[in-house]
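**Student:** here is the input, now give the coordinates:
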Amino acid sequence: MEFILWAVFWLGLVITAGYAFALVYHWLRYGHMYPAVWVALPVYAIGVFLFIGAMLGGISTL
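**Tutor:** Numbers count the residues shown, from 1 in each chain. The predicted model follows:
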């Protein structure tokens, strides 16, 4: 059971980081960002830390 939680944790983390990287790459490559990105990137940054804390807290209770 714990293996499944870790697998989902890492999969979610990689997908979130990949999407955030794609947003930053688009900004660097094309020289502009869509307005929603200024909201999305801080939300992703905070969300990743909350996600890590929640998963580690949940797994530690097993």
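**Student:** center of the protein, which residue is that?
**Tutor:** In the chain, the centroid-proximal residue (Cα atoms, centre = their mean) is Thr16; its distance is 3.1 Å.
**Student:** and that one, what does it touch?
**Tutor:** By Cβ atoms under 8 Å, 6 or more residues apart in numbering, the residues touching Thr16 are Tyr44, Gly47, Val48, Phe51. Placement of C-beta: from N, CA and C, glycine included.
**Student:** how many other residues sit next to Ile15?
**Tutor:** Using other Cβ atoms under 10 Å, Ile15 has 10 other residues around it.
**Student:** and it, backbone torsions?
**Tutor:** phi -60, psi -40 (degrees, to the nearest 10).
**Student:** so who does the spatially closest residue to Ile59 that is not a sequence neighbour touch?
**Tutor:** Distances taken as Cβ to Cβ, 6 or more residues apart in numbering place Leu5 nearest to Ile59, at 5.5 Å, with adjacent residues excluded. Residues counted as contacts of Leu5 (Cβ under 8 Å, 6+ apart) are Met55, Gly58, Ile59, Leu62.
**Student:** mind running it again at 7 Å?
**Tutor:** Residues in contact with Leu5 (Cβ atoms under 7 Å, 6 or more residues apart in numbering) are Met55, Gly58, Ile59.
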